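> Pasting the sequence and the predicted coordinates here, then a few questions.
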Amino acid sequence: MTTRQQRRARARAPLEKKRSGLGFVAMLTVILLAGIAGVVFLRANPPKLTRGALATDHWHAALKLQLCGKPIGPFPPTEGEIHTHGDGQIHVHPKDPAYTGDNANLGAFFQSAESTLGLDDEGKRFLAMPDGKTYKDGDECPDLEGTHELVVLKNDELVEGDPHKLIIHDGDEIVVRFGPEPKPGTPPAPNPLTEMMQQFQQQMEQQQGGAPPGAEGDPAQGGPDGSDPATQPQ
């Protein structure tokens with residue numbers, strides 16, 4: 001004979017199974033929603049990339065050069081796998097392993113621009129420009145008081161260590177500065193490499209075209225006043 005307690009236990013059994021099943025479904029739903037939320041968050045906030053560019057990458061970073069309180073115009077177009085088109089942007093699309101990974105760095109770009117960025121034997125930061133001028137920690141600026149440091153900023157954050165080894169990433173904003181920050185509205189000074197290339201181009205054009213007629217010091221073209229040298233008094 002079935003007792004009242006046994007009948008109650010049998011009646012409760014299906015309800016407990018149903019509740020257990022609902023709890024399991026709820027747990028799976030929470031896990032699924034948490035996973036979706038995690039994916040959405042990571043897509044919206046991807047982790048910072050630490051590696052350098054690979055052969056399949058094509059990255060761009062903005063570069064500002066500021067020396068002794070003056071903004072310097074952009075480098076002219078340079079060659080190489082880490083270069084510029086003269087647009088103030090560093091273009092990084094390496095093919096050779098020598099310019100991928102950790103080698104896709106700021107120092108490699110400055111090398112393409114006939115410049116050197118790094119640390120000297122004393123551990124001081126320096127920037128050697130194509131015109132022969134060097135800006136090093138502890139140096140002075142003309143017309144400015146005191147000594148100054150070479151500072152490198154990446155996305156408004158101070159870069160420590162060797163600036164040559166700074167890995168360039170897509171979308172970076174890089175500032176290389178020696179001396180005080182330029183005041184707003186300060187006109188940019190010509191880039192030394194641009195001036196050197198213009199001078200070289202002028203020399204090449206003069207050599208290809210020859211000296212202009214009547215040039216001073218060219219006997220074949222006449223004297224300084226255009227007269228025949230043979231008729232000049234001795």
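Received the coordinates, thanks. All values derive from a computational prediction rather than experimental measurement. Residues are numbered from 1 along each chain as shown.

> A strand includes H164, no?
No. Residue state for H164 (DSSP: H, G, I helix; E, B strand; the rest coil) corresponds to helix; a strand is not indicated.

> May I ask you to confirm that it is in contact with L119?
Yes. In terms of C-beta atoms under 8 Å, H164 counts as a neighbour of L119; the distance is 7.3 Å. In short, each C-beta sits where N, CA and C put it, glycine included.

> Stretch 96-110 - what's its average pLDDT?
Averaged over stretch 96-110, pLDDT sits at 96.

> Which residues outside it are in contact with it?
Taking C-beta atoms under 8 Å, 6 or more residues apart in numbering as the criterion, the residues outside stretch 96-110 that touch it are 51-55, 63, 80-84, 90, 92, 94, 116-118, 127, 152, 162-168, 174, 176.

> where do the strands sit along this structure?
For the chain, the strands defined by DSSP state E cover 59-67, 70-72, 82-83, 89-92, 116-119, 125-128, 134-136, 139-140, 147-148, 150-154, 157-158, 173-178.

> and the first one, what other elements does it pack with?
Strand 59-67 makes packing contacts with strand 70-72, strand 89-92, strand 173-178 when contacts are defined by 3 or more C-beta pairs under 8 Å, 6 or more residues apart in numbering; DSSP states H and E.

> winner for burial among these?
By mean neighbour count, with neighbours taken as mean count of other C-beta atoms under 10 Å, strand 89-92 ranks first of the helices and strands packed on strand 59-67 at a mean of 22.

> Tell me which other helices or strands that strand touches.
In terms of contact count using 3+ C-beta pairs under 8 Å, 6+ apart, strand 89-92 is assigned the packing partners strand 59-67, strand 82-83.

> could you dump it to CSV, C-alpha only?
Coordinates of the C-alpha atoms in strand 89-92 are reproduced here as CSV (Å, rounded to 0.1, in the frame of the first residue of the first chain):
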residue,chain,number,x,y,z
GLN,A,89,53.7,59.2,-43.8
ILE,A,90,56.0,56.3,-43.2
HIS,A,91,55.0,53.5,-45.6
VAL,A,92,55.8,50.0,-44.2
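
> Give me the sheet partners of that strand and which way each runs.
For strand 89-92, the paired strands and their directions (DSSP bridges) read strand 59-67 (antiparallel), strand 82-83 (antiparallel).

> any idea which of those strands is most buried?
Mean neighbour counts were compared across these using mean count of other C-beta under 10 Å; the top stretch is strand 82-83, at a mean of 23.

> if you average pLDDT over that one, what comes out?
Over the span of strand 82-83, the pLDDT mean works out to 97.

> now what about that strand, what contacts it?
Outside strand 82-83, the residues within contact range by C-beta under 8 Å, 6+ apart are P77, I90, H91, V92, P94, Y99, A104, N105, A108, F109, S112, I168.

> The first one against G88, yeah?
Meaning P77. No. The pair P77 / G88 is not scored as a contact, 11.5 Å apart, by C-beta under 8 Å.

> Low-confidence bits of the chain, can you list those?
Counting by pLDDT under 70, the chain contains low-confidence ranges at 1-49, 210-234.

> could you pull out the helices for it?
Along the chain, counting by DSSP state H, helices occupy 4-44, 106-112, 192-209.

> still on that earlier bit, now the two most distant members of the contacts of strand 82-83.
Among the contacts of strand 82-83, the pair separated by the greatest distance (C-beta to C-beta) is P77 and N105, at 20.1 Å.

> among the helices and strands packed on strand 89-92, which is nearest L144?
Here strand 59-67 is closest among these (C-beta to C-beta), at 10.9 Å.

> ok so, going back, I'd like the strands paired with strand 89-92 laid out as a markdown table, including distance to M197.
A markdown table is the format used below for these (distance: least, C-beta to C-beta, whole Å):
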| stretch | distance to M197 |
| --- | --- |
| strand 59-67 | 16 |
| strand 82-83 | 14 |
